[in-house]
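**Q** okay, here's the prediction I keep looking at, along with the sequence it came from:
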Amino acid sequence: MSRPTKTRTYDLALRTSGAAGVLAGASASARLYHLVNAAPKHDAAVGELLLAALAYLGICLGSALVVLGRRINEQVTISPRWAERDPLSAIGIAETESSAVEMREESPIRAAQTAFVASFGHMS
């Protein structure tokens, strides 16, 4: 059973959890400030790095939830230019050798990428 995502209660719950995330991130940021500026200067500890990550994620994700609310679940349309693109091509990995052959127009850069990736298959 799917939960309704268009209700006002759902929107309020998302925004409230986002505000809690921002509050947690701000609290972690304040604690981190006091730990870093403690009397003897020291290198970054694992706990301080984790607090920094928590502060960043809490503030970023929390603010997104506060701003968007239930609209965070909306589907967006992708332009036809990007809809047909292979997601692996963005990182230079071809799915199969035939997918590179089936391309309508192969650019010199794409040909170099395909050759580079194929060269790793013959190195074993």
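**A** Thanks, I have the structure now. Numbers count the residues shown, from 1 in each chain.
**Q** what's the spacing between A24 and A111?
**A** Separation of A24 from A111 (Cβ to Cβ, to the nearest Å) stands at 49 Å. Heads up, the C-betas are built off the backbone N, CA and C, glycines and all.
**Q** and whatever helix or strand A20 lives in, how far out from the chain middle?
**A** Element membership of A20 [criterion: DSSP states H and E] is helix 8-36. Distance of helix 8-36 from its chain centroid, counting by Cα atoms, centre = their mean, to the nearest Å, is 19 Å.
**Q** can you name the next helix or strand after it?
**A** helix 46-68.
**Q** may I see the buried residues of that next one?
**A** Of the residues in helix 46-68, 51-52, 54-55, 58-59, 62, 65-66 count as buried by neighbour count, 16 or more other Cβ atoms under 10 Å.
**Q** quick check: mean pLDDT of that helix?
**A** For helix 46-68, the mean pLDDT works out to 95.
**Q** so which other helices or strands are in contact with that helix?
**A** Applying 3 or more Cβ pairs under 8 Å, 6 or more residues apart in numbering; DSSP states H and E, one finds that helix 46-68 contacts helix 8-36.
**Q** could you check the angle helix 46-68 makes with the helix it packs on?
**A** 150 degrees (axes from the mean of the first three to the mean of the last three Cα atoms, to 10 degrees).
**Q** redo the buried residues of helix 46-68 as CSV? Include distance to S119.
**A** Output for those, formatted as CSV (distance: Cβ to Cβ, whole Å):
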residue, distance to S119
L51, 44
A52, 40
L54, 42
A55, 43
G58, 44
I59, 44
G62, 45
L65, 45
V66, 48
